[in-house]
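# this one's sequence-less:
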């Protein structure tokens, strides 16, 4: 008896960077594996873009969205708690609501899920799957090097005395690229006295407790890290469950959207001559850094599209939960730019307040570079359009991503002064923009990005590595369902 009516329940943590890859996984399960999918999400309600993203009218018939009420965690975390701490506490407190929703689905809607898939911040909900007797998986919407660091962090915690960031020597990750504390380390590991450190360790221990791990890359992108995660002589001894690289999954280009002024402007520019500048759905800069970036763009005399937001006041983390809540200030954002900037750059630049249809901008033929915060969604959107990058990490795992892009994949450049340490000056910004847009190094970066574009597209096609990995995942889940129904899969005729 082969189980053909798989019904996946996906649990998604708040934030555009988490919702997008979970939605795209859900869509692919429906369209390519004939699944029924229910996605449980905790929305932040911070922007129009998030509301549009969760508009059910845009989903396949067999995909449903259930919005869980956001729990009040004000009495559980400090007022200045960072993103990792707040998200993990939110997902911890939402567990009773999520369990009740699953119970109602099974008992009143007669739609019993055959598996549970959680994202990184939902690992503490894996035991709920065990209560309902269904297999459980973890979806890492990032890269294999990041997964390796997550898996190995509890071991590093036992080995290293003191703070990681104070170490002079690199951290050894078995079978993977070394982790240089000063440059690559993820925010959560910076300070062991901060609650986010403990939350990071809990997630690192929780990921291998799934029955398998899905990851938003393709086999050919990071073969070394994937091999280490599967090898019992390296990281495989900590994982012991199959890993399914099923990416790149991201928002598709939407040719039917209203074109708008930015596309009218882009249509008039020569191919690969515009650099797109954006720091993600929740990223922002200090006022001083905004001014330096503006001068750097102007001095480079390269064409640009820049998505601007109000400057941060205290830390980059704060904007994650307030993105989009600017009380109509979008009309006045140019006040943060140097006097006369808009007039001096009117022939080479286009400034957009708050938000832009990023996938469609990056897909435009005139775009030839991307100054990015290195969030994994943005990274994939750039790579899969063959666009090289200037890496400008802000928080979370973005420093690690920046190193992967610059030193391993060779599709990005980065500043000599890390932007989290000090203000990057206009002269260096001008140099990086010119390098990526008109220098020989930029052409080489673009060639490598285009090669990765074709590699990623091939992986998703029938017979490609990611297409096959998703099919293997389905068979793996089927095996668990069959065992639960008292069927021995080994007795089935191939």
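Received the coordinates, thanks. Given the structure is predicted, the values throughout are model-derived calculations rather than measurements. Numbering: from 1, shown residues only.
# can you list the low-confidence ranges for the stretch 1-150 of the chain?
The model of the stretch 1-150 of the chain has pLDDT under 70 over residues 1-4, 45-49, 56-58, 108-110.
# same thing but 80
Residue ranges of the stretch 1-150 of the chain with pLDDT under 80: 1-5, 44-60, 107-111.
# quick one: the helices in it, in order.
16-33, 48-53, 83-93, 95-108, 126-132, 144-159 (DSSP state H, counting those that start in this stretch).
# these: which one's closest to residue 228?
Ranking the helices of the stretch 1-150 of the chain by proximity to residue 228 (Cβ to Cβ) places helix 144-159 first, at 6.4 Å. Bear in mind the C-beta positions are built from the backbone N, C-alpha and C, glycine included.
# roughly how far out does the closest one sit from the chain middle?
18 Å (Cα atoms, centre = their mean, to the nearest Å).
# run through who's touching that helix.
Contacts with helix 144-159, where a contact means Cβ atoms under 8 Å, 6 or more residues apart in numbering, come from 120, 140, 164, 171, 173-174, 176-177, 179, 186, 189, 192, 200-201, 203-205, 207-208, 213, 215, 217, 221-222, 225-226, 228-229, 235, 238-239, 243, 245, 376, 397, 400-401, 404, 408.
# which of the residues you listed fall in strands?
With DSSP state E as the criterion, strands contain 140, 213, 215, 243, 245 from among the contacts of helix 144-159.
# dump the helices of the stretch 1-150 of the chain into TSV; add mean neighbour count and distance to residue 70 as well.
As requested, the helices of the stretch 1-150 of the chain are exported to TSV (neighbours: other Cβ atoms under 10 Å; distance: least, Cβ to Cβ, whole Å):
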stretch	mean neighbour count	distance to residue 70
helix 16-33	21	13
helix 48-53	14	12
helix 83-93	22	7
helix 95-108	15	10
helix 126-132	17	19
helix 144-159	21	25
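# circling back to that earlier point, which of the ones in strands among the contacts of helix 144-159 count as buried?
140, 213, 215, 243, 245 (16 or more other Cβ atoms under 10 Å).
# for residue 271, see how far away the spatially most central residue of the chain is.
Nearest to the geometric centre of the chain sits residue 376, at 3.6 Å (Cα atoms, centre = their mean). Per Cβ to Cβ, to the nearest Å, residue 376 is found 27 Å from residue 271.
# returning to what we had before: now, the contacts of helix 144-159 that are in helices?
Counting by DSSP state H, these place 200-201, 203-205, 225-226, 228-229, 238-239, 376, 400-401 in helices.
# could you pull out the strands in the stretch 301-450 of the chain for me?
303-308, 349-353, 367-372, 389-391, 412-414 (DSSP state E, counting those that start in this stretch).
# next, format these as TSV and append distance to residue 99 and mean neighbour count.
Shown next, in TSV, are those (distance: least, Cβ to Cβ, whole Å; neighbours: other Cβ atoms under 10 Å):
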stretch	distance to residue 99	mean neighbour count
strand 303-308	39	22
strand 349-353	41	20
strand 367-372	38	27
strand 389-391	40	26
strand 412-414	42	25
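# among those strands, which is nearest residue 435?
With Cβ to Cβ as the measure, strand 412-414 is the member of those nearest residue 435 (6.0 Å).
# just checking: what are the partner strands of the closest one?
strand 389-391 (parallel) (DSSP bridges).
# show residues contacting the strand it pairs with.
Counting by Cβ under 8 Å, 6+ apart, 275, 369-372, 374, 379, 382, 401-402, 405-406, 411-414, 432-433, 436, 445, 449 sit against strand 389-391.
# nearest to residue 284 among the helices of the stretch 1-150 of the chain would be which one?
helix 83-93 (13.2 Å).
# compute the inter-axis angle for that closest one and helix 16-33.
Angle of helix 83-93 versus helix 16-33, following axes from the mean of the first three to the mean of the last three Cα atoms, to 10 degrees, is 60 degrees.
# now do the contacts for residue 337.
Shown in contact with residue 337 (Cβ under 8 Å, 6+ apart): 290, 291, 294, 308, 351.
# show me the two of those that sit farthest apart.
Greatest spacing in those, by Cβ to Cβ: 291 and 351 (14.0 Å).
# okay, residue 265 and residue 346: tell me how far apart.
From residue 265 across to residue 346, the span is 11 Å (Cβ to Cβ).
# which one's more surrounded, the two?
Using other Cβ atoms under 10 Å as the criterion, residue 265 and residue 346 rank with residue 265 on top: 15 against 10.
# could you check the angle strand 349-353 makes with the helix or strand hosting that one?
Using DSSP states H and E, the element containing residue 265 is helix 260-267. Angle between the axes of helix 260-267 and strand 349-353 is 160 degrees (criterion: the same axes, to 10 degrees).
# buried set for stretch 234-243?
Quick answer for stretch 234-243 (16+ other Cβ under 10 Å): 234, 235, 236, 238, 239, 241, 242, 243.
# tell me which of those residues is nearest to residue 5?
residue 242 (22.5 Å).
# the closest one is in contact with residue 215, isn't it?
No. Between residue 242 and residue 215 there is no contact under Cβ atoms under 8 Å: 11.0 Å.
# and residue 468, that one's in a helix?
Yes. Per DSSP: H, G, I helix; E, B strand; the rest coil, residue 468 lies within a helix segment.
# against residue 135, how distant is it?
With distances taken as Cβ to Cβ, residue 468 is found 20 Å from residue 135.
# what's the answer for residue 392, then?
According to Cβ to Cβ, residue 392 and residue 135 sit 40 Å apart.
# what do you get for residue 168?
From residue 168 over to residue 135 (counting by Cβ to Cβ), the distance is 44 Å.
# which of those two has more residues huddled nearby?
residue 135 (23 against 7).
# how about that one, nearest residue that isn't a chain neighbour?
Among residues not flanking residue 135 along the chain, residue 480 sits closest, at 3.8 Å (Cβ to Cβ, 6 or more residues apart in numbering).
# what about the one you found, which helix or strand?
Using DSSP H and E, residue 480 falls within helix 465-484.
# out of the contacts of helix 144-159, which end up buried?
Buried among the contacts of helix 144-159 by 16+ other Cβ under 10 Å: 120, 140, 164, 171, 173-174, 176-177, 179, 186, 189, 192, 200-201, 203-205, 207-208, 213, 215, 217, 221-222, 225-226, 228-229, 235, 238-239, 243, 245, 376, 397, 400-401, 404.
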